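Enquirer: need a structure here:
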Amino acid sequence: MTTIAEGEIYVGRDYGGHEFPVTPETVQDHAEATGDQNPWYSGPSPFGGAVAPALIHHSEVYRYGGWYLKNIFGNLHAKQDWELFHPIMVGDRITSRSLIADRYVKRDRDYVVNEVSFFGPDGRLLRRGRTHQAFLIDESVRGMLVSKEGAKAAGRKFEIGTGDIIEEIPSVTKYVTRQMSQRFSGPHKNYHTDVEEARKYGFPDIVIQGMMSICFLSEMLTNRFGEGWYRGGRMSVSLVNVLWPDEEVTCRGVIKELTPEGSHQRAHLEIWCEKADDTTTIVGTASAVVV
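Expert: Residues are numbered from 1 along each chain as shown. From the prediction side, this is the model:
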């Protein structure tokens with residue numbers, strides 16, 4: 001019988017759970033960090049009372065220690081999946097639980113997929129996220145991994161927003177400052193908040209956390225689909241380029257297909273984020289119920 005070594009990051013490894021309240025202060029912090037000031041967050045909503053942003057506690061996965069591989073130099077948040085099942089209301093007390101859902105090798109990186117599920121006080125599944133974190137296999141790699149100019153020049157081209165389009169949904173544009181990054185990813189020092197920490201990991205400047213742009217995408221989908229995003233929304237995106245501080249990013253989406261789902265329809269979208277110079281930073285798909 002094969003014995004798994006102590007500390008091994010293996011599929012199925014469970015990291016336990018956290019229990020915490022969703023407070024008005026937490027919601028306000030999220031709103032101020034992202035610039036998402038939806039009135040539903042502090043007043044009436046389709047769900048009866050104040051509802052939290054759909055991706056509140058977006059970075060809960062990083063509260064769980066022990067799942068990163070040893071070589072953290074140049075590690076990247078590579079992909080993110082979200083499934084939304086039921087709204088999280090302001091004042092709810094929820095529980096999260098983390099486990100390793102997958103692990104794979106792609107090109108020169110070792111990927112670990114951490115799945116975090118969120119449950120209501122009655123045990124109901126509210127939301128599930130899968131974070132694909134990529135680690136360099138070659139531990140001898142050091143130095144600056146990417147420059148701001150090099151990242152732009154090396155940007156891949158993506159066929160997005162083309163072909164048959166049913167609807168182009170309203171976009172969301174943000175100018176991301178260092179202060180926003182500090183509010184979103186702080187207060188402790190890390191490569192999203194401190195230049196010296198970023199240089200230790202091979203980056204010339206702080207890297208805007210990928211979850212911030214993903215929250216912008218969720219804001220865009222909330223604006224268009226409302227309740228249909230909170231109940232049954234899905235997102236799967238790849239983070240393909242770096243967003244630096246003091247840059248503008250625009251989130252876009254197009255509905256490519258409508259399929260029946262009970263008495264409603266489900267809209268299937270291509271979604272992406274692009275800088276003012278047209279560099280794509282995030283690309284993927286989403287779907288929501290049309291209500």
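Enquirer: Just the terminal-to-terminal distance for stretch 64-75.
Expert: The straight-line separation of the ends of stretch 64-75 (Cα to Cα, to the nearest Å) is 16 Å.
Enquirer: Give me the mean pLDDT for that stretch.
Expert: Here stretch 64-75 scores 92 as its mean pLDDT.
Enquirer: Check stretch 196-213 too.
Expert: Mean per-residue pLDDT for stretch 196-213: 93.
Enquirer: Report pLDDT for His146.
Expert: Actually, residue 146 is Val. It isn't His. For Val146, pLDDT reads 65.
Enquirer: so where do the helices sit in the stretch 101-250 of the chain?
Expert: For the stretch 101-250 of the chain, applying DSSP state H, counting those that start in this stretch gives helices covering 148-153, 178-185, 195-200, 210-225, 227-230.
Enquirer: export the last one as PDB, just CAs?
Expert: So that's helix 227-230. In PDB, the C-alpha atoms belonging to helix 227-230 read as follows (Å, rounded to 0.1, in the frame of the first residue of the first chain):
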ATOM      1  CA  GLU A 227     -31.100  37.700  -9.500                       C
ATOM      2  CA  GLY A 228     -30.200  35.400 -12.400                       C
ATOM      3  CA  TRP A 229     -26.500  35.900 -11.600                       C
ATOM      4  CA  TYR A 230     -26.900  35.300  -7.900                       C
END
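Enquirer: what distance separates it from the middle of the whole chain?
Expert: 17 Å (Cα atoms, centre = their mean, to the nearest Å).
Enquirer: Report the spatially closest residue to the spatially most central residue of the chain, excluding sequence-adjacent ones.
Expert: Closest to where the C-alpha atoms of the chain average out (Cα atoms, centre = their mean) is Met211, at 3.6 Å. Spatial nearest neighbour of Met211, excluding adjacent residues (Cβ to Cβ, 6 or more residues apart in numbering): His58 at 4.6 Å. Any C-beta I mention is one placed from the backbone N, CA and C, and that applies to glycine too.
Enquirer: distance of the one you found from Ala5?
Expert: Distance, His58 to Ala5, by Cβ to Cβ, to the nearest Å: 32 Å.
Enquirer: how many other residues sit next to the residue nearest to Asp108 when sequence neighbours are not counted?
Expert: In space, and not counting its chain neighbours, Asp108 is closest to Ile137: 5.7 Å by Cβ to Cβ, 6+ apart. Ile137 has 13 neighbouring residues, counting by other Cβ atoms under 10 Å.
Enquirer: for Pro245, same thing?
Expert: Neighbour count for Pro245, taken as other Cβ under 10 Å: 18.
Enquirer: If I follow the layout properly, it ends up in contact with Asp205?
Expert: Yes. The pair Pro245 and Asp205 passes the contact test of Cβ atoms under 8 Å, sitting 6.6 Å apart.
Enquirer: any chance you could map the strands in this structure?
Expert: All strands of the chain, identified by DSSP state E, fall at 14-21, 76-84, 93-106, 109-119, 125-136, 167-176, 234-239, 247-261, 264-275, 280-290.
Enquirer: what about His58 and Ala5, which has more around it?
Expert: His58 (23 against 7).
Enquirer: any weak-confidence spans in this protein?
Expert: 1-2, 141-156 (pLDDT under 70).
Enquirer: quick one on the thing from earlier: reformat the helices of the stretch 101-250 of the chain as TSV; add distance to Ala286.
Expert: Below are the helices of the stretch 101-250 of the chain laid out as TSV (distance: least, Cβ to Cβ, whole Å):
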stretch	distance to Ala286
helix 148-153	25
helix 178-185	21
helix 195-200	30
helix 210-225	6
helix 227-230	9
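Enquirer: Out of the ones you listed, flag the one nearest Val113.
Expert: helix 210-225 (14.7 Å; Cβ to Cβ).
Enquirer: Can you point out the buried residues in that closest one?
Expert: By neighbour count on 16 or more other Cβ atoms under 10 Å, the buried set for helix 210-225 is 210-222, 224-225.
Enquirer: distance of the residue lying closest to Ile282 once chain neighbours are set aside from His58?
Expert: Using Cβ to Cβ, 6+ apart and skipping the chain neighbours, the partner closest in space to Ile282 is Cys273 (4.1 Å). Applying Cβ to Cβ, the value for Cys273 to His58 is 15 Å.
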